[in-house]
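Asker: based on what follows, work out the 3D shape:
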Amino acid sequence: MLEKLEQIEARYEALTKELSSPELIADQAAYGKAAKQHRPLGEMVTKYREWKTIKEELAGAKELYESSGDEEEMREMARAEMDTLAQRLERSEAELRVLLLPRDPNDEKNVILEIRAGTGGDEATLFAAEMLRMYGRYAERQGWRMEILDTSESGVGGIKEGIALIEGDKVYSKLKHESGVHRVQRVPQTEASGRIHTSAITVAVLPEAEEVDVKIDPKDLRIDYFCSSGPGGQSVNTTYSAVRITHLPTSTVVSMQDEKSQIKNREKAMRVLRARLQELEEQKQHDALASERRSMVGSGDRSEKIRTYNFKDNRVSDHRIGLTIHQLDLVMEGALDEFINSLVTHFQAEKMKAAPVAAV
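Answerer: Numbers count the residues shown, from 1 in each chain. As a prediction, this is how the structure comes out:
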């Protein structure tokens with residue numbers, strides 16, 4: 001492990017030097033690639049240097065203890081310092097082990113967020129709209145940028161489907177565990193008897209694929225242009241600005257109509273298509289995942305839930321980690337940190353069980 005950390009530190013220093021060279025700065029593509037490699041190494045190198053400092057301080061405290069002779073007060077001070085430093089060193093080693101776990105190559109990427117109403121009719125579409133807003137608020141708290149790419153509205157003011165692009169630092173690493181079925185329990189506004197209904201939506205978090213990640217042959221695409229429409233199918237404009245792209249080999253279809261510009265709708269549709277095709281390719285490489293997109297979000301049935309939002313009790317429960325928070329109102333305003341941080345920690349621990357790393 002020590003040898004690996006030294007190699008990482010050497011690579012980090014070499015990249016730091018490269019990033020300041022005028023030649024690399026002049027080549028934006030090469031600079032961006034080098035900067036992308038440099039960022040994740042920085043956290044690891046900082047933690048490694050912190051570990052080395054603590055180890056040196058511990059060695060100094062041991063030396064003081066051994067040289068104190070009969071000076072009991074000095075020996076007691078040195079012993080207390082040794083205990084404190086030993087605990088800090090143990091924590092630092094644990095953090096380094098986590099950082100050395102195999103990284104998800106998508107962790108640094110932006111994401112395509114897709115939300116769809118599942119079981120529950122109108123109530124599911126209303127909850128889908130609220131969830132899209134919730135993730136928007138969370139993105140604001142993180143300093144990320146969220147852009148709505150497309151929405152399909154329902155007649156009651158909800159959404160049947162919403163697609164958004166979220167850009168920022170380590171977006172996928174934080175949001176990837178949000179994929180799945182989210183269940184809501186509450187009394188719908190249209191329910192006269194006050195009876196609680198259960199509805200469900202599906203959330204899919206896809207890492208945004210760059211053109212270099214996914215090669216698409218133009219011959220494999222069928223592109224249709226049509227007039228965009230609003231709720232109920234009424235025409236919104238009379239120009240053929242809406243775009244539907246079909247990837248023929250996989251039968252993947254993406255429609256986009258939010259923009260008045262045909263070119264912009266096509267660009268957005270291609271971004272979503274690349275993300276979906278990359279996901280399909282990754283699913284082929286991992287036989288444990290089910291085919292197509294059902295592996296990520298299930299069928300939208302209430303029984304396949306990962307999290308439940310109970311409005312009557314102001315309660316949110318994540319069923320994968322057994323975490324319940326009685327602050328649903330704050331969660332719906334984007335206060336997702338406790339869930340997201342706990343999920344990241346949980347899945348890191350699972351990785352460590354599967355691939356233990358030796359101590360430094």
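
Asker: list the contacts of stretch 323-330.
Answerer: Contact with stretch 323-330 is made by 309-311, 313-318, 331, 335, 338-339, 342, as judged by C-beta atoms under 8 Å, 6 or more residues apart in numbering. Just so you know, the C-beta spots here come from the backbone N, C-alpha and C atoms, and that holds for glycine as well.

Asker: farthest-apart pair in those residues, please.
Answerer: Across the contacts of stretch 323-330, no pair lies farther apart than 311 and 342, at 21.8 Å, counting by C-beta to C-beta.

Asker: please enumerate the strands of the chain.
Answerer: In the chain, the strands defined using DSSP state E lie at 111-117, 145-153, 159-167, 180-186, 197-207, 221-226, 242-247, 252-256, 305-310, 315-318, 323-325.

Asker: determine which stretch of those strands is the most buried.
Answerer: strand 111-117 (a mean of 26; mean count of other C-beta atoms under 10 Å).

Asker: any idea of the mean pLDDT for that strand?
Answerer: On average, the pLDDT along strand 111-117 is 94.

Asker: so which elements touch that strand?
Answerer: Contacts defined by 3 or more C-beta pairs under 8 Å, 6 or more residues apart in numbering; DSSP states H and E place strand 111-117 against helix 121-142, strand 159-167, helix 171-175, strand 197-207, helix 262-285.

Asker: given it, what are its sheet partners and their directions?
Answerer: strand 159-167 (antiparallel), strand 197-207 (antiparallel) (DSSP bridges).

Asker: what angle separates the shortest one from helix 262-285?
Answerer: Right, the one you point to is strand 159-167. The directions of strand 159-167 and helix 262-285 differ by 90 degrees, with axes from the mean of the first three to the mean of the last three C-alpha atoms, to 10 degrees as the criterion.

Asker: tell me the average confidence for strand 159-167?
Answerer: 94.

Asker: please apply the same query to stretch 281-293.
Answerer: Stretch 281-293 comes out at a mean pLDDT of 56.

Asker: make TSV out of the strands of the chain and add distance to residue 346.
Answerer: Shown next, in TSV, are those (distance: least, C-beta to C-beta, whole Å):
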stretch	distance to residue 346
strand 111-117	20
strand 145-153	25
strand 159-167	22
strand 180-186	14
strand 197-207	17
strand 221-226	40
strand 242-247	35
strand 252-256	32
strand 305-310	12
strand 315-318	9
strand 323-325	9
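
Asker: any stretches of the stretch 51-200 of the chain with poor pLDDT?
Answerer: Filtered on pLDDT under 70, the stretch 51-200 of the chain yields the residue ranges 190, 192.

Asker: look up the pLDDT of residue 239 for me, please.
Answerer: For residue 239, the predicted pLDDT is 69.

Asker: picking up where we left off before, quick one: closest of the strands paired with strand 111-117 to residue 223.
Answerer: Using C-beta to C-beta as the measure, strand 159-167 is the one of those that comes nearest residue 223, at 17.8 Å.
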